[in-house]
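>>> Pasting a predicted model and its sequence here:
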Amino acid sequence: MQPDELRQMVAQGAALRRRQRLQPAGGPGDKLFPPTYPGESGPSHVFERRRIDGKERVCVLIDSVQSQANRLEEALQAAAEAGRIRLPRLVVDFPGAGLNSVGPISVLEAPHRIFDAILRDSALGDTSFRDSDLGKSLRQATPADATAILQAAPTALLFGAWNSTGEGGGLGAKFARAIVSEVIGVDVPVEEMADRRSGEITLRSAGRRTGSRIDPLGIIKEAARIYEHKDNLKDWTLDPAEAKGGPKEPNLYSGKKKSSGDAGSPAKINHGNIAPSVDQLGVTCAYALQTQVLTFAGLRRLRFGTDEAKTLAARTYLAALGIVAMIEGNRQGMALRSRCDLVCEDGLAPLELVAFDGSTRDVEIDAEAAVRLHEAAFEAALAAGFALDPDPVILKPQAKLVELIRLSQQKALADEGGEADGN
């Protein structure tokens, strides 16, 4: 593909898409473990019925739109850090503030991208980022003129951003995603579970996950009672005289979860066997399906001033960046999580250009061609007058943010807070 063809696609096309069939790295029929979400009867996968190839099929969510966006952002950041592409971005330098355990965090890693609290609570030079000229210009950006965001963090326009903590009590500017990717499993064996009270039918995996542990020390549940130490409630003791409450009413050790069940058992201090268990988790499927869509029609909702040629150059640059994300994401592979590795079923599916009338044609773009398209679009955007600096803008975390992180780390090391407290 040539740069002129990309500009024409952005100006007239509907979208660029790829529908890729995948199989487990272990081979067809191997078990996969999609993400789990909390439910009334314990953790479960997300099942739904979808219309695919004219039939209603039971599907499971393997990787969500949000998770895929994060993976594509990681791929773009890796390409930028490796020098394969030039990419404007902001980076908060936590190691420079003495927090080596945190590491630098870029706008591609911040959960809310350009409008994240990590950036808000940092400083540009001696000025808080929010009150800096750059910060103000970003807060004032809208889809009618998104120039400031394009120049500082174009990926925020590509993957979507919302100034939810800005002016107007959450009525800040919203920028819709221009690229969407999702992975599902198709034709999943499930069991229907009926609620005895309401009759509501829910789907659960027909797969099973087993778990157990044999303690090499041979400590059994009945070996002794474990008590909270009077000098350190996170420590334990076998001696009732050293226990909180004293020898007459010693407090049994209950662990992080303040439940009475098994309190005082060696299991509460992670010693002893774990009895075999079976959970309704893990799935098999006919195949996994990744659907990626880069919307040109969506990009055309973004404007960058009143100059049409300049606006087209910006949209074309964002499209090229999206193409690089799709290609580089595939180059990274699809090791989504433990026991959830996927590979192409029968080679890499082609990219398809979709016209407004629904007609499609295949488009050949490999990794090197994607980088060349991006470089040409980057140069065209510079020539159009955009200030695109490939060197990251370095922010430093404000002292109050550094202190908040340190306090949180201290609490975590002391075994306080976190999920055990229901947060």
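Great, that's in hand. Numbering: from 1, shown residues only.

>>> rest of the way, CA atoms for contacts and neighbours
OK.

>>> contacting residues for the residue lying closest to residue 34 once chain neighbours are set aside?
Excluding the flanking residues, the one nearest residue 34 by C-alpha to C-alpha, 6 or more residues apart in numbering is residue 62, at 4.7 Å. By C-alpha atoms under 8 Å, 6 or more residues apart in numbering, the residues touching residue 62 are 33, 34, 35, 183, 184, 185.

>>> Look up which helix or strand the last one falls in, please.
This means residue 185. Following DSSP states H and E, one finds residue 185 within strand 179-186.

>>> This protein: helices as residue ranges?
Using DSSP state H, the helices of the chain run over 3-12, 65-81, 117-120, 133-140, 147-152, 154-159, 296-299, 308-331, 367-383, 399-413.

>>> same question for the longest one, mean pLDDT?
So that's helix 308-331. Helix 308-331 shows an average pLDDT of 97 in the prediction.

>>> how close does the residue lying closest to residue 328 once chain neighbours are set aside sit to residue 253?
Spatial nearest neighbour of residue 328, excluding adjacent residues (C-alpha to C-alpha, 6+ apart): residue 75 at 5.7 Å. To residue 253, residue 75 is 46 Å away according to C-alpha to C-alpha, to the nearest Å.

>>> The two: which is more packed in?
residue 253 (27 against 22; other C-alpha atoms under 10 Å).

>>> Quick check: beta-bridge partners of residue 182?
Beta-bridge pairing of residue 182 under DSSP bridges involves residue 291.

>>> Report the buried residues of stretch 135-149.
135, 137-143, 145-149 (16 or more other C-alpha atoms under 10 Å).

>>> which of the residues you listed lies closest to residue 345?
residue 149 (38.3 Å; C-alpha to C-alpha).

>>> How about that closest one: what's its closest non-neighbour residue?
Leaving aside its sequence neighbours, residue 149 sits nearest to residue 138 (C-alpha to C-alpha, 6+ apart; 5.9 Å).

>>> And the residue nearest to residue 328, what's its pLDDT?
pLDDT, residue 75: 97.

>>> ok, now residue 41?
Predicted confidence (pLDDT) for residue 41: 74.

>>> The one 3 residues further on now?
Predicted confidence (pLDDT) at residue 44: the value is 91.

>>> need the contact list for it.
Neighbour list for residue 44: 36, 37, 38, 204, 205, 280, 281 [criterion: C-alpha under 8 Å, 6+ apart].

>>> Tell me if I'm right that the fifth one and residue 190 touch.
Yes: at 4.6 Å, residue 205 counts as touching residue 190 under the criterion of C-alpha atoms under 8 Å.

>>> where's the closest residue to residue 235 other than its chain neighbours relative to residue 335, distance?
When the adjacent residues along the chain are set aside, residue 235 lies closest to residue 229, with 5.6 Å between them (C-alpha to C-alpha, 6+ apart). Here the criterion is C-alpha to C-alpha. By it, residue 229 lies 43 Å from residue 335.

>>> out of the two, which sits in the busier spot?
Ranked by neighbour count (other C-alpha under 10 Å), residue 229 and residue 335 place residue 229 first, with 24 against 13.

>>> wait, what's in contact with that one?
So residue 229 contacts 235, 236, 237, 242, 243, 244 (C-alpha under 8 Å, 6+ apart).

>>> Beta-bridge partners for the fifth one, please?
What that stands for is residue 243. Here residue 243, judged by DSSP bridges, has bridge partners residue 229.
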